[in-house]
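Novice: compute the structure for the input listed below.
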Amino acid sequence: MTDTQTQPTEVTVSRVIAAPAGKLYSLFLDPKAMMTWFGMDGYTNLDCAVDARVGGAWHMQSRAPDGSLSRMEGEITRLDPGRRIVQLWRHVGAEGAVGNQTEADISFTPSGAGTEVTVVHRRILNVPELFAAGWQQSLNRLADMAD
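Specialist: Numbers count the residues shown, from 1 in each chain. As a prediction, the model looks like this:
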């Protein structure tokens with residue numbers, strides 16, 4: 001496995017959740033809710049803010065199992081209420097170093113008795129498997145919360 005890719009890559013994660021699209025869309029933009037469902041297993045969310053408008057900033061700070069701090073931040077670039085959210089992402093390291101900018105495109109599609117939530121995370125330069133695992137774990141907790 002290589003830690004750094006030579007070309008940006010993308011990961012796609014999806015899950016059908018037994019909840020209406022509008023409710024799930026709202027949980028993606030609610031900082032209090034995100035503190036509960038968002039992030040990698042074993043991480044503790046410490047702070048979250050979301051300015052839920054196009055051009056609005058968001059951030060999430062978490063503590064990793066080893067005690068280190070992790071901060072993700074970015075900007076909302078598209079909102080289609082109940083259907084789609086697109087966000088720019090940047091990881092900010094412990095010394096303030098900013099990682100490459102990625103893009104998360106989240107769609108909400110009615111599916112049977114629920115909603116298929118699909119996340120396409122683009123422009124990933126390293127550890128795409130961590131992005132995929134983080135999104136899958138987050139969607140699992142979102143499903144638990146939406147019940």
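
Novice: run through the neighbouring helices and strands of the lengthiest helix in the chain.
Specialist: Using DSSP state H to define each element, the chain has its longest helix at helix 128-146. Secondary-structure packing of helix 128-146 (3 or more C-beta pairs under 8 Å, 6 or more residues apart in numbering; DSSP states H and E): strand 4-17, helix 21-29, helix 31-37, strand 114-126. Where you see a C-beta, it was placed from the backbone N, CA and C, and this is true even at glycine.

Novice: residues in contact with it: which ones?
Specialist: 1, 5, 9-11, 13-15, 17-19, 23-24, 27, 33, 36-41, 102, 117, 119, 121, 124 (C-beta atoms under 8 Å, 6 or more residues apart in numbering).

Novice: now swap in stretch 80-93 and tell me
Specialist: By C-beta under 8 Å, 6+ apart, stretch 80-93 touches 21-22, 25, 28-29, 58, 70-79, 98-109, 121.

Novice: now it: buried residues?
Specialist: Neighbour counts over stretch 80-93 (16 or more other C-beta atoms under 10 Å) mark Arg84, Ile85, Val86, Gln87, Leu88, Trp89, His91, Val92 as buried.

Novice: surely Thr44 is in contact with Arg63?
Specialist: Yes - with contact defined as C-beta atoms under 8 Å, Thr44 counts as touching Arg63 (4.6 Å).

Novice: just to revisit the earlier point, show me the contacts of stretch 80-93 that map onto strands.
Specialist: The members of the contacts of stretch 80-93 that map onto strands under DSSP state E are 58, 70-79, 102-109, 121.

Novice: contact partners for Val98?
Specialist: Each residue near Val98 by C-beta under 8 Å, 6+ apart is listed here: Arg90, His91, Val92.

Novice: what do you get if the cut-off is 6 Å, keeping everything else the same?
Specialist: Arg90, Val92 (C-beta atoms under 6 Å, 6 or more residues apart in numbering).

Novice: from Lys32, how far out is it?
Specialist: Between Val98 and Lys32 the distance is 26 Å, computed by C-beta to C-beta, to the nearest Å.
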